[in-house]
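# Let me see the structure of the following:
(one chain, ligands or ions: 1)
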Amino acid sequence: MSIYSVFFSPTGGTSKVNSILTGVYDDVKVIDLIENNECSENFCENDIVYIAVPSFGGRVPGYAADVISKLHGGNALAVIVCVYGNRAYEDTLIELKNIVKKAGFKTAAAVSAVAEHSIMHRFAKGRPDNDDVKQLEEFAKKVKSVLTSGNYHDVQVPGNISYKEFKGVPMIPSSNSKCTKCGICAAKCPVHAIPIESPEKTDKDKCISCMHCISVCPENARSLNKLMVEAASLKMHKLFEERKENELFI
Ligand SMILES: Cc1cc2nc3c(=O)[nH]c(=O)nc-3n(C[C@H](O)[C@H](O)[C@H](O)COP(=O)(O)O)c2cc1C
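Residues are numbered from 1 along each chain as shown. Just a heads-up that it's a prediction; the model follows:
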């Protein structure tokens, strides 16, 4: 039996949550779906696979949906995890459950967790915080004991089958004069939206606004238009006011 942590985590919040949830095991195989977009691992019945995605507009990001749907589940047990920025995750878990089912996994548990918003950083700032970590560690122990005892069932998760429409956000990162054209952002962009020779010209049609390029830039040379982020934050702040709690479905 192997334990896997599989995640799409452009700015690190999702992988942080998955590493807390899998921290109860001694040996965990990590599969980062940005580095490994054609994962050929053949999972098998005795494996437990924690599959984590961020919520983009209440949905599984399209890139993650494509890559996860090509996994070879082999009847392995999945723990599905959705990480969101304290607004809402709407249909993310139900969509993820359907994707992993088609890929050959059985979903035995699900977690929703909050992490700092990767566009509007003032929301859920610093989360997962100490309280989140404690709670997620409790979830982790419970999931491990239920799964290893064999006493699990097909888990029900919230969401609608006719998924919410998400057309993307008009937030495209660009580079400034600190850019040294080192090529890291272009090489690491999951959807190849950044031309290596001219990283200031992000391809708007390809960019999924995941913010990975901002987080990997060693010069801090990539950013969003600050006025647009400020305007969006002001417009939406009421939706983020109340602290949302992490949830376990088992
Ligand atoms: C394009 C985009 C759309 C997002 N949509 C939502 C959303 O609908 N609800 C929400 O609460 N957070 C939303 N977020 C915030 C992320 O879900 C959250 O910051 C998550 O932790 C990002 O994961 P990462 O740190 O692994 O990249 C969005 C972020 C991005 C980049």
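
# Check the secondary structure at the spatially closest residue to residue 17 that is not a sequence neighbour for me.
For residue 17, ignoring the flanking residues on the chain, the nearest one in space by C-beta to C-beta, 6 or more residues apart in numbering is residue 113 at 4.6 Å. In short, each C-beta sits where N, CA and C put it, glycine included. In three-state terms, and counting by DSSP: H, G, I helix; E, B strand; the rest coil, residue 113 is strand.

# Enumerate every residue touching residue 113.
Counting by C-beta atoms under 8 Å, 6 or more residues apart in numbering, residue 113 touches 17, 81-84, 128, 132, 136, 246.

# which helices and strands does the helix or strand hosting residue 80 pack with?
According to DSSP states H and E, residue 80 maps onto strand 77-84. With contacts defined as 3 or more C-beta pairs under 8 Å, 6 or more residues apart in numbering; DSSP states H and E, strand 77-84 has these neighbours: helix 13-21, strand 48-54, helix 92-102, strand 106-114, helix 130-149.

# Parallel or antiparallel, which strands does the fourth one pair with?
Using DSSP bridges, the neighbouring strands of strand 106-114 in the sheet come out as strand 77-84 (parallel), strand 247-249 (antiparallel).

# quick one: contacts for residue 41?
Shown in contact with residue 41 (C-beta under 8 Å, 6+ apart): 4, 31, 71-72.

# For the buried ones among those residues, write the corresponding ChimeraX selection.
Buried residues within the contacts of residue 41, by 16 or more other C-beta atoms under 10 Å, are selected in ChimeraX with:
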select :4,31,71
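
# TSV for the contacts of residue 41, including distance to the ligand and pLDDT?
TSV is the format used below for these (distance: C-beta to the nearest ligand atom, whole Å; pLDDT from 0 to 100):
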residue	distance to the ligand	pLDDT
4	17	98
31	14	97
71	18	96
72	24	96
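
# tally of neighbours for residue 128?
As a burial measure, the neighbour count of residue 128 was computed by other C-beta atoms under 10 Å and equals 21.

# cool, and residue 137?
So residue 137, with other C-beta under 10 Å, has 14 neighbours.

# and what of residue 140?
Taking other C-beta under 10 Å as the neighbour definition, residue 140 ends up with a count of 20.

# Quick check: it touching residue 18?
No: proximity of residue 140 to residue 18 does not meet the contact threshold set by C-beta atoms under 8 Å, at 10.2 Å.

# Tell me how far the closest residue to residue 33 other than its chain neighbours lies from residue 195.
The shortest distance from residue 33 to any non-neighbouring residue, by C-beta to C-beta, 6+ apart, is to residue 8 (4.5 Å). When C-beta to C-beta, to the nearest Å is the yardstick, residue 8 and residue 195 sit 23 Å from each other.

# Between these two, which is the more surrounded one?
Each of residue 8 and residue 195 has its neighbours counted (other C-beta under 10 Å); residue 8 has more, 26 against 13.

# pLDDT score for that one?
Per-residue confidence (pLDDT) for residue 8: 98.

# next one: residue 39
The per-residue pLDDT reported for residue 39 equals 85.

# Now do it against residue 154, distance only.
24 Å.

# Neighbour count: those two, which is higher?
Neighbours per residue (other C-beta under 10 Å) separate residue 39 from residue 154, with residue 39 holding more: 18 against 9.

# Is that one in contact with residue 32, as I believe?
No: taking C-beta under 8 Å as the definition, residue 39 is not a contact partner of residue 32, at 9.7 Å.

# who wins for proximity to residue 234 among the strands paired with strand 106-114?
Taking C-beta to C-beta as the criterion, strand 77-84 is the member of the strands paired with strand 106-114 that comes nearest to residue 234, at 20.1 Å.

# near the ligand at all, the closest one?
Yes: residues of strand 77-84 are located near the ligand by C-beta under 6 Å from any ligand atom, namely 83-84.

# mind giving me the domain ranges of the chain?
3-162+244-249, 174-223 (automatic domain parsing).

# who wins for proximity to residue 168 among those?
Using C-beta to C-beta as the criterion, the shortest distance between residue 168 and these is 6.3 Å, found for domain 174-223.
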